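A.B. asks: requesting a structural model of the entry that follows:
(2 chains)
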Amino acid sequence: MSPSIVSLKRVSRRFVGDIFALREVSLEIARGELVAIVGPSGSGKSTMLNIIGTLDRASSGTVEIDGLKLAELNDDDLSALRAHRIGFVFQHFHLSPGVSALDNVADGLLYTGTGLRQRRERAEAALRDVGLGHRLDHRPHQLSGGEKQRTAIARALARRPLLLLADEPTGALDSSSGEGVVQLLLGLHRQGTAVVVITHDRDLAARFDRQATMRDGQLVADTRREAA
Amino acid sequence: MSGLQPARLLAVDIVRLAAYGLTARPLRVVLSALGIAIGIAAMLAVVGISTSSRAQLNQLLTELGTNLLSASPGTSLFGDAATMPPESVAMLGRIPEVETVSAIGVLADTRIYRSSRIPASQSGGLAVYAARLDLMETLSASVAAGSWLNAATSTYPAVVLGARAAARLGIGRGLIGQQVWLGGRWFTVVGILAPVSLVPMLDLSALIGWPAGERYLDFEGDITTLYVRTDSDAVETVRTLLAATANPEAPNEVDVSSPSDALAAEAAADIAFTGLLLGLGAVALLVGGIGVANTMVISVLERRADIGLRRSQGATRGHIRLQFFGEALLLALLGGGSGVLIGALVTIGYARLQGWPVDIPAWVPIGGMAATLLIGGVAGLYPAIRAARLAPTEALSVG
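C.D. replies: Residues are numbered from 1 along each chain as shown, chains lettered A, B, ... in the order given. Sure, this is the predicted structure:
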């Protein structure tokens, strides 16, 4: 088993018109590592996260997730990889309106081949883990921003991913709600999940073990804090 | 590669996904299902009403029998109206396969009026016939009010009116015993006939007794039409004998027909009309299908973020395709199901109103649902493929 959960080697992502969103980026992320990706808008953070998350493919270079070379996998294999090993948290939550928190989370398990009863059980457990045991039947519009994002995190962690990718998870939240979300992500990391977070927030990034700084599609700095 | 097998969605989950997509926009679902519902309902009602009407006619034919033959003298070679000799009734009665024979004879110059004060020109188009007493039995006809002529009343100035003739003269059921002005003298109405399905001509006629015609109205006793009820298995045999027996001197002048043919022709004419309406229903169905396709295309556009999210959670292109395809099918089924229901209700209501038996052949709802599935499938195919082709990153970027 490969020691790295994520391994990028000289990865580029070129869009139509020879615009490079990512230019020869190499990055290794170990299992269970906690990484913040920082950098200005348009620096290629989200593109890199999409490639790590197998939502997008690299134009050149090699990407390995959990020891699997993505170039050798077809679309269905990538889907299965996402279903079983990768969790996503988005800035805007992407919760289904009109569906209870429980079912939003349970639906996140739909593509793992889990039966409905088991999906609900695992969803309930995940919601309790994020402190929303009392909000199971609430619909998204009845939840606060922080609660919505915690629901989205519960949805990602119900699948027990090896790798959790979060794109500006606190971007749409006030600072106290944001803090709750950060605590959750740190907690996940302590339980052994590799967590990669994109953030604008320098203070937030400073609390992470490792900071990767991007600019103009390139990795310009990769600093590690001494293990606490 | 272990653990990388995309999960297969359970059928229950596909239905749940499809239903969830529909519940998000109930009004739109109702409107776009309505198109298909109208198409299916129209087709089902058209077929149902016409089969019910045919069932009614068939029932009528069974009741009245197809073993009735009628013979008219027709026209002679020289174009004159021919007549049949009065003895032909007795002659026909001697054919073993003949069950009953009856006859009517027209009183060509005799008119009937409500009273003697009505101008002669306002005859109302009613004909006067002398009828033999066994006419009712031979035609399976019955009286709606009063009674049929009997041996006594047939020799006196008594008249039985056809159903529409009575209405035209303004004589209701309660007015049996009234006098009418017939052939220049008063006749008493003794009965009113129920509509005679096999010989609708009689509905517009006044019938008097054979002897009464001869005694009061200078009736010469010539037969206008012979009615013969035969053994059911011998209709064709009797048909060939009929002309020769009815008028041995000029069999070529005799027109033989079977009155039930007219009813059967009515049933057949209905089918041609049904074809036209069915075509209209098919057009409605097609428009309904386009409505479903339209709704689905919009739905895909609106739910790009949802598609992206599902892809990020491990949905394959196939899963997404299945979801939207299932949604289109469900939408069409919803329309088809309510269409079958509405069409059946319309058919039942209409048949009840007409007093017909309800007859909806099983192939109609089954065919309707099959057509619905086909249309839903075709309509859903393109949107489903479009949804599946959406790149996850593109779908998610909608925000």
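A.B. asks: would stretch A:64-82 count as contacting chain B?
C.D. replies: Yes: for stretch A:64-82 and chain B, the contact criterion (Cβ under 8 Å from any Cβ of the partner chain) is met by A:Leu68, A:Leu73, A:Asp75, A:Asp76, A:Asp77, A:Ser79, A:Ala80, A:Leu81, A:Arg82. For the C-beta atoms, the positions are set from N, CA and C on the backbone; glycine is no exception.
A.B. asks: now a ChimeraX select for only the buried ones of those.
C.D. replies: Of the residues of stretch A:64-82 next to chain B, the buried ones can be selected in ChimeraX as follows, counting by 16 or more other Cβ atoms under 10 Å in any protein chain shown:
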select /A:68,73,75,77,79,80,81,82
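A.B. asks: list phi and psi for B:Val199.
C.D. replies: B:Val199 has phi and psi values of phi -130, psi 80 when expressed as degrees, to the nearest 10.
A.B. asks: same question, B:Asn67
C.D. replies: The phi/psi pair for B:Asn67 (degrees, to the nearest 10) reads phi -100, psi 20.
A.B. asks: report how many residues lie close to it.
C.D. replies: 18 (other Cβ atoms under 10 Å in any protein chain shown).
A.B. asks: give me the number of residues near the closest residue in space to it that isn't next to it in sequence?
C.D. replies: Counting by Cβ to Cβ, 6 or more residues apart in numbering or on different chains, B:Ser232 is the residue found nearest to B:Asn67 once chain neighbours are left out, at 4.7 Å. Using other Cβ under 10 Å, B:Ser232 is surrounded by 11 other residues.
A.B. asks: now chain A against chain B: closest residue?
C.D. replies: A:Ala83 (2.3 Å; Cβ to the nearest Cβ).
A.B. asks: next, count neighbours for that residue.
C.D. replies: Using other Cβ under 10 Å, the number of residues around A:Ala83 comes to 28.
A.B. asks: cool, B:Gly172 as well?
C.D. replies: So B:Gly172, with other Cβ under 10 Å, has 12 neighbours.
A.B. asks: contacting residues for the residue nearest to it when sequence neighbours are not counted?
C.D. replies: Distances taken as Cβ to Cβ, 6+ apart put B:Ala166 closest to B:Gly172, at 7.6 Å, once the chain neighbours are dropped. Each residue near B:Ala166 by Cβ atoms under 8 Å, 6 or more residues apart in numbering or on different chains is listed here: B:Gly172, B:Val189, B:Ile192.
A.B. asks: among those, which are located in helices?
C.D. replies: When these are checked against helices using DSSP state H, none is located there.
A.B. asks: closest one of the residues you listed to B:Ser260?
C.D. replies: Of all the contacts of B:Ala166, the one with the least separation from B:Ser260 (Cβ to Cβ) is B:Ile192, at 24.0 Å.
A.B. asks: you'd agree B:Ala144 is in a strand?
C.D. replies: Yes: remark: B:Ala144 belongs to a strand, assigned using DSSP: H, G, I helix; E, B strand; the rest coil.
A.B. asks: distance check, it against B:Ala212.
C.D. replies: For B:Ala144, the distance to B:Ala212 equals 22 Å [Cβ to Cβ, to the nearest Å].
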